[in-house]
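Asks: Based on what follows, work out the 3D shape:
(one chain, ligands or ions: 1)
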Amino acid sequence: MCSDFSPFALMQSAVDIVGESAHPVNPVAAALAGSDRNGAPFSLAMTNEWPPSIRDKIGTDTRIGNASGTVHAETACLLHAPRTDGASLFVTDPPCPNCVKYMAEAGIKALYIDHKGFEKDYAQRRGHDFEQMSLRICRAAGIAVVLLFRKEQRLQTLLEIPDEYKPAQDKPVGLTPFPDAPGKPILDSLFHFYVRSNRRAYDPEPFAMALARATGIEAGILSAEPCGMAGREPEPAPEGKYNFTLQPLNRLMMSAARRGLRINPDFVYSSRVPTSRELVNMVAAGLNRLTVGDRTAARDEHGPRALDLLEKAGIIKVSDGP
Ligand SMILES: [Zn+2]
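Replies: All right, here's what the predicted structure looks like:
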């Protein structure tokens, strides 16, 4: 927690821990400043990291499907923040399109990037993704982007968002009130009832659902289908490393973060096998149980391999669902 909420102090709180990153080649750190459900300000800072269970049970050299086992610093902040709606993120390096898609769903309003991050080798190689994808997602989501010069204590706006701008809400994450009934068997059958109702609503799109709550005061079922995060433009051919679509489970995790809700690991459902990146993010979010509707369905061939690896390592317990 950083008690000084100036952009320079918050960026410094990220820079101060970047040396603690376990990543041997690209150490990155991020800080997030926002307010919790009671309006109390908070901040936290994290580095890119391997979730402990992946590090200990699979190791840091093995890919999880087609995803690395690491979670980027920005994503780690989003997954561990009490609440992300309206929050600001401070990153030592230009963020990748995946992290920016998460920021968009998590309701981040401003992104500060250390100007020194643009001078690194990694940024040079990935500059195209930042220019062509990350900034485009920020523009669509209404995330202001600011370059931060620490030494000169100077800010330079890279992407300005007009005050009246409202992001499109094409396929909003659903939140259905859920009775706070006692007893897991009752909750199980109710949850499955909602899964079946949602299947009719989302068909033929894949979807995911999770039971979420905020410290016992309210419970709801979050549900989502995949969504393009750069406006209504058609998705480019998936030839590169990234695309504009945010997958359902990632949407649920980020939507829960946005609202300051905690997902109950016993009630996480995916109609098909999640993607490799959804699975790694699940582990990072502390979700170690998953119900899958159809284990023969997946976006690509990597998801089933990732799920198999995580299941055999005892990291995610999988059950078949409705
Ligand atoms: Zn990233």
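Asks: For the stretch 201-322 of the chain, give the residue positioned nearest to the ion.
Replies: residue 242 (9.5 Å; CB to the ion). (Glycine included, C-beta is placed from N, CA and C.)
Asks: what residues are up against that residue?
Replies: Counting by CB atoms under 8 Å, 6 or more residues apart in numbering, residue 242 makes contact with 96-98, 129, 133.
Asks: Could you give the secondary structure assignment for it?
Replies: Assigned with DSSP: H, G, I helix; E, B strand; the rest coil, residue 242 falls in the coil class.
Asks: Count the residues that sit near the nearest residue to it once chain neighbours are set aside.
Replies: Distance criterion CB to CB, 6 or more residues apart in numbering; nearest residue to residue 242, sequence neighbours excluded, is residue 97 at 4.1 Å. Look at residue 97: counted by other CB atoms under 10 Å, it has 23 neighbours.
Asks: how far away is residue 97 from residue 127?
Replies: 12 Å (CB to CB, to the nearest Å).
Asks: try residue 247
Replies: For residue 247, the distance to residue 127 equals 25 Å [CB to CB].
Asks: Next: residue 295.
Replies: As judged by CB to CB, residue 295 and residue 127 stand 39 Å apart.
Asks: what helices or strands is the host helix or strand of residue 11 leaning on?
Replies: Assigned by DSSP states H and E, residue 11 belongs to helix 7-15. Other elements packing on helix 7-15 under the criterion 3 or more CB pairs under 8 Å, 6 or more residues apart in numbering; DSSP states H and E are strand 29-35, strand 41-47, strand 88-91, strand 110-114, strand 144-149.
Asks: Let's have those strands in CSV, adding mean pLDDT, mean neighbour count and distance to the ion.
Replies: Conversion of the helices and strands packed on helix 7-15 to CSV gives the following (pLDDT from 0 to 100; neighbours: other CB atoms under 10 Å; distance: least, CB to the ion, whole Å):
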stretch, mean pLDDT, mean neighbour count, distance to the ion
strand 29-35, 98, 26, 9
strand 41-47, 97, 20, 12
strand 88-91, 98, 26, 9
strand 110-114, 98, 23, 12
strand 144-149, 98, 18, 15
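Asks: wouldn't the residue nearest to residue 242 be in contact with residue 134 here?
Replies: Yes. If you go by CB atoms under 8 Å, residue 97 and residue 134 touch, sitting 5.2 Å apart.
Asks: Can you tell me the SS state at residue 99?
Replies: Look at residue 99: counting by three-state DSSP, its state is helix.
Asks: Burial check on it, number of neighbours?
Replies: 27.
Asks: Which strand in the protein has the most residues?
Replies: strand 262-273 (DSSP state E).
Asks: mean confidence for it?
Replies: Strand 262-273 shows a mean pLDDT of 95.
Asks: I'd assumed residue 132 was in contact with residue 100.
Replies: No. Between residue 100 and residue 132 no contact is recorded; they are 11.7 Å apart, counting by CB under 8 Å.
Asks: For residue 216, give me the pLDDT.
Replies: pLDDT, residue 216: 57.
Asks: Tell me which residue lies nearest the centroid of this protein.
Replies: Geometric centre of the chain, nearest residue: residue 102, 4.1 Å, by CA atoms, centre = their mean.
Asks: ok, that residue to residue 298 distance?
Replies: Noted for residue 102: a distance of 21 Å to residue 298, by CB to CB.
Asks: Count the neighbours of residue 132 for me.
Replies: Number of residues near residue 132 (other CB under 10 Å) recorded here: 13.
Asks: Name the SS class of it, please.
Replies: Going by three-state DSSP: residue 132 is helix.
Asks: and it, what does it touch?
Replies: Contacts of residue 132 by CB under 8 Å, 6+ apart: none found.
Asks: what ranges do the strands span in this structure?
Replies: Applying DSSP E to the chain gives strands spanning 29-35, 41-47, 88-91, 110-114, 144-149, 154-159, 174-177, 208-214, 218-224, 227-228, 245-246, 262-273, 289-298, 317-320.
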